[in-house]
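Trainee: Show me how the following folds:
(one chain, ligands or ions: 3)
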Amino acid sequence: MKILVLNCGSSSLKYQLFAMPEEAVLIKGTVEKIGSDDAIHAYKTDGQKGETVSEILDHREAIRQVVAALTSPEVGVLKEAAEITAVGHRVVHGGERFSLSTLINGEVKQAIRDTFDLAPLHNPANLLGIEAMEEVLPAVPQVAVFDTAFHQTMPMEHFLYPIPYVLYQRHKVRRYGFHGTSHRYVTSRVPALVGRDVTGLKVISCHIGNGASVAAIWRGRSIDTSMGMTPLEGLMMGTRSGDIDPSIHEYVMEKEGLTFDELNSMLNKHSGLYGVSGITGDMRQIVEERSKGNTRAGVAFSMYTYRIRKYIGAYAAAMNGVDVILFTAGVGENSPLLRRSVLERLTYLGIEVDDRANEEGKGERLITTPNSKVAVCVIPTNEELMIARDTNSLVTGLSTTPDRDSISFDT
Ligand SMILES: Nc1ncnc2c1ncn2[C@@H]1O[C@H](COP(=O)(O)OP(=O)(O)O)[C@@H](O)[C@H]1O
Ligand SMILES: CC(=O)OP(=O)(O)O
Ligand SMILES: [Mg+2]
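Mentor: Ligands and ions are numbered 1, 2, ... in the order given. Reported below is the predicted structural model:
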């Protein structure tokens, strides 16, 4: 059985084709700069790499190109498109409706549309990908895997905001949380790394990529997370502000004469590492500039790590302890400096970093010493594999994993 996994962004598309249930990746690729005449489609199979640059004006055209590439004799991963048994999509916002992955039908698409306002950077692109796929492969079942689903176990006192309750009743204003597929994947790897079942553990998972979030995971279930109603709350990110005083909005709009759209764009695209450094939202470049003595890059880096540390402290307090801390995603997986800077002032938790494992190790590993009271792990995330697994389960009629009703949380 071949499952195609799609992650559609506003101007890009990432895909992987899996052979299931073996979980073998047959090809992975990206199409970037969709909507331009020099869009780039890059892919990698077991034996070869390829790249083409061409005009790709929309997602439908991008998906057509991807399917054509999969079936082309040069790439050689499929003889015909009909070999694709199902397509799994990353969908960022599932509102309160979805606590598990689901087969897509008209009603599910409407539910995705209903949350456009809550995830304007993500959901419209996700739906475009679904509709484009329906046109290109009309007979193939499609599955939505939501970033928000894993966090639907949060208890009410953690997901409500302290504003009039009627806003939750009327407009579903509440914390949803994101990156759930990633937090779920890395949590599933904990037993293999620490030799204990997660049901007995207090885990803090740090997904530090372009977007970044921390989750408190108690007995395998998310009980709190730093992103909120939208993916703007919480940690400082590449270009997003994360937590700020809400009064800043009105003040800055007035002082700078900004519209709501401009303010929104400032907070989502011109803040975070980029906004503070004035240079870039890319952590690799921040680290480089900081090492050359650029003060603002240095401040941006310190703010970024400080805020991760604060959330770790908050969630250790929320769970009355922590047994395992996980680092994942682009920055979390690849920057020993980031991990060291976050962990060096967490010695009060009894954390003892194994510097060699942190600096020189590769891939999935423990980066603390046997004496450390908290096990800290690096786990490369694999959202695509989780999507392929859920898609496989749904199309073969198995239920998707666990019973994850809302919980009453008590440490
Ligand atoms: N070696 C590295 N050191 C520091 N940051 C890195 C490294 N490699 C990748 N990154 C950072 O990871 C981020 C991208 O993370 P990723 O999880 O791929 O994001 P997304 O999925 O949101 O596109 C970028 O800011 C990039 O600079
Ligand atoms: C939800 C979210 O922030 O996703 P990403 O990190 O992919 O932007
Ligand atoms: Mg990501």
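
Trainee: Enumerate the residues of the stretch 301-411 of the chain near ligand 1.
Mentor: When proximity is defined as CB under 6 Å from any ligand atom, the stretch 301-411 of the chain approaches ligand 1 at Ala329, Gly330, Val331, Asn334, Ser335. Using the backbone N, CA and C atoms, a C-beta is placed for each residue, glycine as well.

Trainee: Then the chain?
Mentor: Residues of the chain lying near ligand 1 by CB under 6 Å from any ligand atom: 209-211, 238, 282-284, 287, 329-331, 334-335.

Trainee: Just among those residues, which is most surrounded?
Mentor: Counting neighbours by other CB atoms under 10 Å, the top entry in the residues of the chain next to ligand 1 is Val331, with 27 neighbours.

Trainee: ok, now which ones touch that residue?
Mentor: Counting by CB atoms under 8 Å, 6 or more residues apart in numbering, Val331 touches Ile208, Gly209, Ala212, Met283, Leu338.

Trainee: May I have the phi/psi pair for the residue most central in space within the chain?
Mentor: By CA atoms, centre = their mean, the chain has its centre lying nearest to His179, at 3.3 Å. Main-chain dihedrals, His179, degrees, to the nearest 10: phi 60, psi 20.

Trainee: Mind pulling the model confidence for the nearest residue to it once chain neighbours are set aside?
Mentor: Beyond its immediate neighbours in the sequence, the residue positioned closest to His179 (CB to CB, 6 or more residues apart in numbering) is His207, lying 4.4 Å away. Looking at His207, its pLDDT reads 98.

Trainee: cool, Ser11 as well?
Mentor: If you check Ser11, the pLDDT there is 83.

Trainee: and it, that one's in a helix?
Mentor: No. Counting by DSSP: H, G, I helix; E, B strand; the rest coil, Ser11 falls outside a helix, being coil.

Trainee: The helix or strand hosting Leu17 packs against which elements?
Mentor: In the assignment (DSSP states H and E), Leu17 maps to strand 13-19. Using 3 or more CB pairs under 8 Å, 6 or more residues apart in numbering; DSSP states H and E, the elements in contact with strand 13-19 are strand 2-8, strand 24-32, helix 59-71, helix 383-395.

Trainee: Burial-wise, tell me which of these comes out on top.
Mentor: strand 2-8 (a mean of 25; mean count of other CB atoms under 10 Å).

Trainee: Is ligand 2 within reach of it?
Mentor: No. Strand 2-8 stays clear of ligand 2 (CB under 6 Å from any ligand atom), getting no nearer than 7.9 Å.

Trainee: Tell me which other helices or strands that strand touches.
Mentor: On a contact count with 3+ CB pairs under 8 Å, 6+ apart, strand 2-8 meets strand 13-19, helix 59-71, strand 84-91, helix 123-136, helix 383-395.

Trainee: residues making contact with the shortest one?
Mentor: Around strand 13-19, the neighbours that count as contacts under CB under 8 Å, 6+ apart are 1-7, 24-31, 34, 59, 62-63, 66, 70, 77-78, 84, 129, 384-385, 388.

Trainee: Repeat that for the last one.
Mentor: Identification of contacts with helix 383-395 by CB under 8 Å, 6+ apart yields 1, 3, 5, 7, 14, 16, 18, 20-21, 23, 28, 85-90, 101-103, 141, 143, 145, 181-182, 184-185, 398-401.

Trainee: so how far is Ser247 from Ala388?
Mentor: The gap separating Ala388 from Ser247 is 44 Å, by CB to CB, to the nearest Å.

Trainee: do Thr230 as well
Mentor: 18 Å.

Trainee: Which one's more surrounded, those two?
Mentor: Set Thr230 next to Ser247 and count neighbours by other CB under 10 Å: Thr230 wins out with 21 against 8.

Trainee: Spit out the contact partners of that one.
Mentor: By CB under 8 Å, 6+ apart, the neighbours of Thr230 are Leu118, Ala119.

Trainee: do the same with the one 4 residues further on
Mentor: The contact partners of Gly234, by CB under 8 Å, 6+ apart, come to Ala212, Ser213, Val214, Thr225, Ser226, Met227, Gly228, Gly242, Asp243, Tyr311.

Trainee: next one: phi and psi at Ala375?
Mentor: Note on Ala375: backbone dihedrals following degrees, to the nearest 10 are phi -90, psi 120.

Trainee: Fine by me, we can end here.
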